[in-house]
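> Below is the sequence, then the predicted model.
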Amino acid sequence: METTPALYYKQNRLKQLRAFCMAARTGSISLAAESLFLSQPTVTLQIQALERELEIKVFERRGPHIKLTPEGETLYKLSESLVEGIDKLHESFAATFGEIESGELNIAAGESTILYVLPDPVSQFTEAYPNVKMKLHNVTGRDGLQMLRADEVDFAVGSMLEVPDDIDYYPIVTYYPTLITPVDHPLAEIDEITLEDISPHGLILPPHHLSTWRMVDLVFRQHELTFNVTLEAGGWEIIKKYVERGLGISIVTDVCLTGEERLVRKSLVDYFPTRTYGLVVRQGRFLSPPAKRFIEMMEAFYAGKVQQDPRLAELVERM
């Protein structure tokens, strides 16, 4: 007896939920079909079967795009982690017995994080799990959030000042605001630097649309002082090199300082806030076994350098 299409799709709940979750994630039936290597009509039939069975509408159309209905949002929250958990059942089962033989780990991070925060944890992980394919995506904070929301990466690592409602941030390590000067600069001889000391001297800062410039501007205005930027330069390595050459001084986060630079360092913790770097995840995201293990290794490496957020262990345990 030939099975009718309606009955066939109704009996494949996992396929229905997988199609629905991918469409919700991408905001498009066609993109969902492309991601799942299915035809667009197949994805449409799977979602329609799910709607008939639950007697709800999960999407409303807005031109070429789709948007979750209130019922669809509830279903998405309930089903997303279930689908991911089943899809990665084999990996999770193997990881329970300490086996991570394969898999892929995608991490979004900015250049500073990749250069200064991640090298040691990445080295430890790749040595322990050589068969896991790791990809570091060098992106801005905004692009990293887009990748998180599209599930193109497992998680991001970086520094967040403002945390969106759909994102969780778990600080792992803290770094401190620091003035750097050439070794022969007049400020190098002063033990306790003040903003008044810095004000007359030319600063080398990242571009003004970035958070460092905005923070410097805010702090100096709060103290009713001016500051002078003589050079804009992108990237801490470039800034350090130009300070070494005597082209100015700079205010940096000491995440970028290795101790090998020919620079003088002066603490500015009395004026500027400390900065944390940590784990950035989309709420409800299922963490794969490689992702969990990397987070555990990163947390262990930085243990003692910041008071660990207790939610981090809860996240790994929960997922």
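Here it is on my side, so go on.
> for the record, mean pLDDT for the helix or strand containing Pro171?
If you go by DSSP states H and E, Pro171 is part of strand 167-175. When pLDDT is averaged along strand 167-175, the result is 92.
> What helices and strands are in contact with it?
Helices and strands touching strand 167-175, by 3 or more CB pairs under 8 Å, 6 or more residues apart in numbering; DSSP states H and E, are strand 275-282, helix 310-318. In this view, the C-beta of every residue, glycine as well, is placed from N, C-alpha and C.
> Can you list the strands that it pairs with?
The strands beside strand 167-175 in its sheet (DSSP bridges) come out as strand 275-282 (antiparallel).
> quick one: average pLDDT of the strand it pairs with?
Taken as a whole, strand 275-282 carries a mean pLDDT of 92.
> same check, this time on stretch 240-254
95.
> buried sites along that stretch?
In terms of neighbour count (16 or more other CB atoms under 10 Å), stretch 240-254 has its buried residues at Lys240, Tyr242, Val243, Leu247, Gly248, Ile249, Ser250, Ile251, Val252, Thr253, Asp254.
> sorry, back to before: note down every partner strand of the helix or strand following the strand holding Pro171 and its orientation.
As assigned by DSSP H and E, the chain's next helix or strand after strand 167-175 is strand 177-181. Applying DSSP bridges, strand 177-181 is found paired with strand 250-253 (antiparallel), strand 264-267 (antiparallel).
> Show residues contacting strand 177-181.
Here strand 177-181 makes contact (CB atoms under 8 Å, 6 or more residues apart in numbering) with 187-188, 193, 198, 240, 243, 249-254, 257, 261, 263-269, 271-275.
> change it to 7 Å
Strand 177-181 has contacts (CB atoms under 7 Å, 6 or more residues apart in numbering) with 187-188, 193, 198, 240, 243, 249-254, 257, 263-269, 272.
> roughly how far is the strand holding Pro171 from the heart of the chain?
Relative to the mean C-alpha coordinate of its chain, strand 167-175 is positioned 10 Å out (CA atoms, centre = their mean, to the nearest Å).
> Stretch 166-179 now?
So, by CA atoms, centre = their mean, the centroid of stretch 166-179 is 12 Å from its chain's centroid.
> May I have that stretch exported as CSV, CA atoms only?
What follows is stretch 166-179, C-alpha atoms only, in CSV (Å, rounded to 0.1, in the frame of the first residue of the first chain):
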residue,chain,number,x,y,z
ASP,A,166,19.4,36.5,23.4
ILE,A,167,23.1,36.1,24.3
ASP,A,168,24.9,34.8,27.4
TYR,A,169,28.3,36.1,28.4
TYR,A,170,30.6,34.2,30.9
PRO,A,171,33.8,36.1,31.9
ILE,A,172,36.8,33.9,32.1
VAL,A,173,39.9,36.2,32.5
THR,A,174,40.4,39.8,33.5
TYR,A,175,42.9,42.3,32.0
TYR,A,176,43.8,45.8,33.2
PRO,A,177,44.1,49.3,31.7
THR,A,178,47.7,50.3,31.1
LEU,A,179,49.6,53.3,29.8
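> Having no further points to raise, I will conclude here.
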